[in-house]
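Enquirer: Next one to model:
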Amino acid sequence: MAGEKKCPELVLVPPRRGEYTKYCKLINEIYAGYTSKVEAFSIDESWLDVTGSLHLFGSGREIADMLRRRVREELQLTISVGVSFNKAFAKLGSDYKKPDATTVITRENFRTLLFPLPVTDMLYVGRKTADILQKVGVHTIGALASLKRAEVSKLLGKSGELVWEYANGLDESPVREIGQSDPVKSIGNSITFRRNLAGESDIRAGVLMLADSVGARLRKSGLYCQTVQVQIKDPDFRVISRQKTLPRPIHLTKDLAETGLEIIFKAWDPEKPIRLISLTAAGLTESEEGGQITFFDAPPVRSKKQENLESAIDRIRGRFGKDAVSYASVLKTDIVSKRQNDIPLLSENKSVFSGEDD
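Expert: Down below sits the predicted model:
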């Protein structure tokens, strides 16, 4: 690593994602004592709608300060909190001052506080979006807000209207209740391999890993997919995407792997190197019945034996861990490191908080 070369005495500490997740959950449990509307935005950020709690705990600022104090005293951690009338501005408030700070953004002061900030501070304005905006002289949130909605839409498409609304304080998206989530539209996984895949056996092993992960998640969610999507990236970062819509929904690893391989071998020379493959199950349904099946394209009746086998694998892994059972071709291959193989793929006036661990 470049850091080790420049600083030989550098001490590298391995990440402890499990511990991080544990403390984020504990923080959210504290939040839940003040409102049932706690929506996770990332592993260490959440939005809270405390409108219905103001008569119990005080103003938005008072509740924010109370949360900071409790997290600091009970967990020995600090958080920064943004208090505002919508989610986008609450997020900006949580980033405004660190560590261990409360920033209140109101309808009266948001132009003074936020308009001078770089446009990249705005939610969902990434590097590519910022490049487009900066080419037309938009470098700050205020400059973005001053444009007409139609102008931003022409530059950025539908997403442009969204960030324009955010910049102007017009975000009206609600904070979801604890445990509430958007319906799942697809389930996928991708792997950047530790070395280039070379040949059919490598590809089969890689696709089986992906299908194993995606299939297990489909079955755990009680879902089936009608469409399988595959993306391939070569060492020169050239990408192709292909998909196949099936006559009947599937959720077995075996079916997903066979469909994925069929897609790849029709579109790709197996002797050409592959750096990354993604496999996505789309067109999700809760029923295995679906599609229009004719005499000529009807798939073979799904093997009850295969269904029982994969259900048994799911139960064993649920009890003894992911590595309790695996496929021989996966165990033999060196296309991923063990650590890679462990990673599963994959608002009226309201007081809204965005809390972020410092």
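Enquirer: now the closest residue to Lys37 other than its chain neighbours, which residues is it bridged with?
Expert: Spatial nearest neighbour of Lys37, excluding adjacent residues (C-beta to C-beta, 6 or more residues apart in numbering): Asp49 at 3.9 Å. In this view, the C-beta of every residue, glycine as well, is placed from N, C-alpha and C. Asp49 forms beta bridges with Val352, as assigned by DSSP bridges.
Enquirer: Let me know the pLDDT of Asp49.
Expert: Looking at Asp49, its pLDDT stands at 96.
Enquirer: What of Leu346?
Expert: If you check Leu346, the pLDDT there is 31.
Enquirer: How about Gly3?
Expert: pLDDT, Gly3: 69.
Enquirer: Equivalent analysis for Phe57, please.
Expert: For Phe57, the model assigns a pLDDT of 95.
Enquirer: Check which helix or strand the nearest residue to Thr280 once chain neighbours are set aside maps to.
Expert: Closest residue in space to Thr280, ignoring its immediate chain neighbours: Gly188 at 3.2 Å, by C-beta to C-beta, 6+ apart. Counting by DSSP states H and E, the element that carries Gly188 is strand 186-197.
Enquirer: all helices for the stretch 201-350 of the chain, in order.
Expert: Remark: helices assigned in the stretch 201-350 of the chain by DSSP state H, counting those that start in this stretch are 253-267, 304-320, 328-332, 338-342.
Enquirer: so where is the stretch 151-300 of the chain shaky, pLDDT-wise?
Expert: 182, 289-300 (pLDDT under 70).
Enquirer: Quick one: the strands in the stretch 201-350 of the chain, in order.
Expert: 224-233, 239-250, 274-285 (DSSP state E, counting those that start in this stretch).
Enquirer: brain fart, the stretch 1-150 of the chain
Expert: Along the stretch 1-150 of the chain, the stretches classed as strands by DSSP E, counting those that start in this stretch are 38-42, 45-49, 79-84, 102-104.
Enquirer: Tell me which of those strands lies nearest to Asp131.
Expert: Proximity to Asp131 (C-beta to C-beta) singles out strand 38-42 among those, at 23.7 Å.
Enquirer: among the helices of the stretch 201-350 of the chain, which is the most enclosed?
Expert: Of those, the one with the most neighbours on average (mean count of other C-beta atoms under 10 Å) is helix 253-267, at a mean of 19.
Enquirer: which residues are in contact with it?
Expert: With C-beta atoms under 8 Å, 6 or more residues apart in numbering as the test, helix 253-267 has contacts from 200, 203-204, 207-208, 210-212, 214-216, 225, 228, 230, 232, 240, 242-244, 246, 250, 270, 277, 279, 281, 302, 306, 310.
Enquirer: ok, now stretch 216-226?
Expert: Stretch 216-226 is contacted from outside by 184, 186-187, 245-246, 249-251, 253, 256, 281-288, 290-291, 310-311, 314, 317, 344, 346, using C-beta under 8 Å, 6+ apart.
Enquirer: what do you get for stretch 191-210?
Expert: Applying C-beta under 8 Å, 6+ apart, the set of residues contacting stretch 191-210 is 189-190, 235, 253, 256-257, 260-261, 264-265, 270-271, 273-279, 327, 329-330, 332-337, 340-341, 345.
Enquirer: ok so, going back, wait, which of the strands of the stretch 1-150 of the chain is closest to Val125?
Expert: Across the strands of the stretch 1-150 of the chain, the minimum distance to Val125, taken as C-beta to C-beta, is reached by strand 38-42, at 15.7 Å.
Enquirer: and the closest one, what other elements does it pack with?
Expert: Using 3 or more C-beta pairs under 8 Å, 6 or more residues apart in numbering; DSSP states H and E, the elements in contact with strand 38-42 are helix 17-31, strand 45-49.
Enquirer: Fine by me, we can end here.
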